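Undergrad: A structural model of the following input is requested.
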Amino acid sequence: MEIFEKNPHLQECWETSDGKKFYNPNTAALHAKTLPKDKRAVDHLKRPASVDKKKPINSNVEVKTLAKMNRAELDAEAKKLGFDSTGIGSKKEVIDAIEKLKSEGSEGKQSGEGSEGSVEGDKGSETENNK
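TA: Okay, the predicted model is just below:
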């Protein structure tokens with residue numbers, strides 16, 4: 001139902017027979033009184049489980065997605081993050097590097113930690129330090 005998709009925290013609502021939806025049952029009942037007597041019904045709607053299934057519940061969904069990618073897809077994903085993974089040997093190492101980059105991105109990147117994602121930054125630091 002569209003109202004639940006647009007309001008992810010909404011668990012229930014009330015709909016009058018003219019199709020209007022309300023967050024509060026009292027408001028729905030008051031509106032229903034303005035309708036013709038034979039159309040004053042108010043239905044209680046609860047969030048359908050199918051709406052919740054469309055959105056990932058936790059980060060394990062992303063990990064499984066990375067694990068199912070082939071090497072070319074992983075390299076493309078790494079490239080989106082600004083990282084060249086073509087020099088990394090195994091698929092698992094690429095996945096680990098992507099996960100590390102994503103976690104650093106969500107925490108705010110820290111330079112100089114020597115991660116695969118900061119190779120270019122490290123080269124710049126070496127040049128400045130050697131001057």
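
Undergrad: Count the neighbours of Ala32 for me.
TA: Close neighbours of Ala32, defined as other CB atoms under 10 Å, add up to 19. No exception for glycine: its C-beta is placed from N, CA and C like everyone else's.

Undergrad: Surely it and Glu15 touch.
TA: No - counting by CB atoms under 8 Å, Ala32 stays clear of Glu15, with 9.9 Å between them.

Undergrad: okay, and the common contacts of these two?
TA: Val42 (CB atoms under 8 Å, 6 or more residues apart in numbering).

Undergrad: List phi and psi for Asn70.
TA: Taking degrees, to the nearest 10, you get phi -80, psi 170 for the backbone angles of Asn70.

Undergrad: Next: the one 3 residues further on.
TA: As for Glu73, its main-chain torsions (degrees, to the nearest 10) stand at phi -70, psi -40.

Undergrad: Isn't Pro4 up against Leu10?
TA: Rather than Pro, residue 4 is Phe. Yes - look at Phe4 against Leu10 with CB under 8 Å: they come within range, at 5.8 Å.

Undergrad: Comparing these two, which residue is more hemmed in?
TA: Per other CB under 10 Å, whichever of Phe4 and Leu10 has more neighbours is Phe4, with 20 against 17.

Undergrad: Lovely, talk soon.
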